[in-house]
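1. okay, structure incoming, though there's no sequence with it:
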């Protein structure tokens, strides 16, 4: 058990080493006797100086602080000290001792996280265990010194709160500390180091607490060679994180068309039936047109609607990805299918994008469609804006040539882009039907 302040002061005054690792329940290999001796010598100097000073009341302490730092800075420091104490009390109230004990048991050298980690015997893992163990010992030492410096019940509350705060920071760091060297090599694109680790027997499907694999990291970093090496050695191509992201989703997020092709070659699912993070929606959202085209070429539903995002065309209009809008319309995306009753034209009107408005109306968008609030795209356009003018110009009946083009494309279906080339029409008519 930790020694009390009276025992500490008597030991320092008499020159005895009562401030020892045994009495603090700390491993001597962590805090060596030489460090304890140095701390004791320093404590004697501090004690000799502090013992000669009288304990000032709170108003005198504030006056001294103001005289040293100035009136404004002194009051700010005093206010911060009060807030700091209140925050520690609040933290102590929010985090009970049971949670602190669970965190200590989980992150210790014999904890559950350590035992479940298959490569903890390696040198890097030994270092991580050592750092975690040393941090806990330092937390215990900090709590002891803080309690004795403040004293009383408030000191115990503040000491426990300080321990809870520090342990919570350790637990947060441990969420990333379980990233293996294989994760780091994949994230940084170090192919030689990655292959060396695989040859040494490192499990390529090792995941973090958030279920992030090395393949996720390689795809997010656009490292196609690392991704291919992992896949060739048995990495799960459809692994899902706790956030529902697959390696293919990460590849579309980073815009790596090469990674998308490699993943699809190894059997990655381009579209899941469950509501996971959608790769094609992510590619469209970030404007990665090439990744979008690869997914569509692999039979992804071009009108796949995600409840929170809508269809890919709706996402493209929302984020003003003009190239993606144009390509989706060329490939036969439904021009009026958006997010429930909201159409892509509604999204374009909100974003005040005239170019997208022209594209949608050219492909036959219905200007009179109303959303769940009963508003049309014209109602959502800013008054006297270029979007409002563009919509007003398209309100009348379309030209006969426009009606014929829409009718032909509708008859040919979603594959009209390829079918028109097979009709062997005159070049001007073919270009007209293809919006060229």
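-> Looks like it came in fine. What you are looking at is a predicted structure, and each value in this text was computed from that prediction instead of being measured.
2. quick one: contacts for the nearest residue to residue 358 once chain neighbours are set aside?
-> Of all residues not flanking residue 358 in the chain, residue 390 sits nearest, at 6.5 Å (C-beta to C-beta, 6 or more residues apart in numbering). All C-beta atoms are positioned from the backbone trio N, CA, C, and that covers glycine. For residue 390, the contact set (C-beta atoms under 8 Å, 6 or more residues apart in numbering) comprises 354, 357, 358, 361.
3. those in helices, which ones?
-> 354, 357, 358, 361 (DSSP state H).
4. returning to what we had before: now the residue nearest to residue 358, what's its secondary structure?
-> Following DSSP: H, G, I helix; E, B strand; the rest coil, the label given to residue 390 is helix.
5. so how far is residue 361 from it?
-> As judged by C-beta to C-beta, to the nearest Å, residue 390 and residue 361 stand 8 Å apart.
6. and if you look at residue 203?
-> The gap separating residue 203 from residue 361 is 55 Å, by C-beta to C-beta.
7. ok, back up a step: just the buried subset of the ones in helices among the contacts of residue 390, please.
-> Buried members of these, counted by 16 or more other C-beta atoms under 10 Å: 357, 361.
8. okay, the ones in helices among the contacts of residue 390 in CSV with pLDDT and distance to residue 209 next?
-> As requested, the ones in helices among the contacts of residue 390 are arranged in CSV below (pLDDT from 0 to 100; distance: C-beta to C-beta, whole Å):
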residue, pLDDT, distance to residue 209
354, 90, 47
357, 91, 46
358, 89, 49
361, 89, 49
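9. now the ones in helices among the contacts of residue 390 in CSV, with distance to residue 256?
-> Shown next, in CSV, are these (distance: C-beta to C-beta, whole Å):
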residue, distance to residue 256
354, 32
357, 32
358, 32
361, 34
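10. pick out the most distant pair among the ones in helices among the contacts of residue 390.
-> Within the ones in helices among the contacts of residue 390, two members stand farthest from each other by C-beta to C-beta: 354 and 361, at 10.6 Å.
11. pLDDT weak spots in the stretch 51-200 of the chain?
-> Scanning the stretch 51-200 of the chain for pLDDT under 70 picks out 51-56, 58-59, 61-62, 65, 68-69, 91-92, 95-177.
12. redo that, cut-off 80
-> Filtered on pLDDT under 80, the stretch 51-200 of the chain yields the residue ranges 51-75, 77-78, 81-82, 84-85, 87-178.
13. repeat that for the stretch 251-400 of the chain.
-> Checking the stretch 251-400 of the chain against pLDDT under 80 turns up 272-277, 394-399.
14. could you rerun that using 90?
-> Applying pLDDT under 90 to the stretch 251-400 of the chain picks out residues 270-278, 299, 305-309, 330-333, 340-341, 350-353, 358, 361-369, 371-372, 376-400.
15. quick one, helices of it?
-> Ranges of helices within the stretch 251-400 of the chain are 257-265, 279-285, 289-297, 312-318, 322-330, 344-351, 354-362, 377-380, 386-393, 400-412, based on DSSP state H, counting those that start in this stretch.
16. generate a markdown table for those, with distance to residue 243 as supplementary columns.
-> Shown next, in a markdown table, are those (distance: least, C-beta to C-beta, whole Å):
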| stretch | distance to residue 243 |
| --- | --- |
| helix 257-265 | 18 |
| helix 279-285 | 12 |
| helix 289-297 | 19 |
| helix 312-318 | 18 |
| helix 322-330 | 24 |
| helix 344-351 | 25 |
| helix 354-362 | 30 |
| helix 377-380 | 32 |
| helix 386-393 | 35 |
| helix 400-412 | 39 |
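17. most packed of the ones you listed?
-> Across the helices of the stretch 251-400 of the chain, the average number of neighbours (mean count of other C-beta atoms under 10 Å) peaks for helix 312-318, which reaches a mean of 29.
18. pull the residues that contact that helix.
-> Residues outside helix 312-318 that contact it (C-beta under 8 Å, 6+ apart): 280-281, 284-285, 292, 302-304, 309-310, 321, 324-325, 328-329, 333-335, 337-339, 342-345, 347-348, 350-351, 353, 356, 360.
19. how about stretch 366-384: buried residues?
-> For stretch 366-384, a neighbour-count test (16+ other C-beta under 10 Å) marks 367, 369, 371, 376, 377, 378, 380, 381 as buried.
20. closest to residue 210 among these?
-> Of all those, residue 210 sits closest to residue 371, with 36.4 Å by C-beta to C-beta.
21. contacts only, for the closest one.
-> 341, 342, 343, 346.
22. wait, doesn't residue 306 sit right on residue 280?
-> No. With contact defined as C-beta atoms under 8 Å, residue 306 does not reach residue 280; the gap is 9.5 Å.
23. how much space between residue 298 and residue 313?
-> From residue 298 to residue 313 the distance is 18 Å (C-beta to C-beta).
24. thinking again about what came up before, which one among the contacts of residue 390 gets closest to residue 207?
-> Nearest member of the contacts of residue 390 to residue 207, counting by C-beta to C-beta, is residue 357, at 45.2 Å.
25. hang on, residue 394 packs against residue 361?
-> Yes. Assessed by C-beta under 8 Å, residue 394 is found in contact with residue 361 at 4.6 Å.
26. quick one: common contacting residues for these two?
-> Contacts common to residue 394 and residue 361, judged by C-beta under 8 Å, 6+ apart, are residue 367.
27. how about residues contacting stretch 199-218?
-> Here stretch 199-218 makes contact (C-beta under 8 Å, 6+ apart) with 113, 118-119, 175-176, 178-183, 185-187, 189, 194, 198, 224, 226-227, 230-231, 233-237, 239-243, 245, 247, 250, 259.
28. drop anything exposed from those.
-> In these, burial by neighbour count holds for 113, 119, 178-183, 185-187, 189, 194, 198, 224, 226-227, 230-231, 235, 237, 239-241, 245, 247, 250, 259, counting by 16+ other C-beta under 10 Å.
29. among those, which ones are in strands?
-> Here DSSP state E is the test, and those give no hits in strands at all.
30. among the residues you listed, name the ones in helices.
-> Short answer: these in helices (DSSP H) are 113, 181-183, 185-187, 194, 198, 224, 226-227, 230-231, 247, 250, 259.
31. how about residue 282, nearest residue that isn't a chain neighbour?
-> Leaving aside its chain neighbours, residue 282 sits nearest to residue 252 (4.6 Å; criterion: C-beta to C-beta, 6+ apart).
32. tell me the phi and psi of residue 207?
-> Main-chain torsions, residue 207, degrees, to the nearest 10: phi -120, psi 160.
33. tell me what it is bridged to.
-> For residue 207, the beta-bridge partners are residue 213 (DSSP bridges).
34. how many neighbours does it have?
-> Other residues near residue 207 number 20, with proximity taken as other C-beta atoms under 10 Å.
35. surely residue 340 meets residue 372?
-> Yes. Under the criterion of C-beta under 8 Å, residue 340 is in contact with residue 372, at a separation of 6.6 Å.
36. show me the chain divided up by domain.
-> Using automatic domain parsing, the domains assigned to the chain come out as 95-178, 180-300, 315-396, 400-436.
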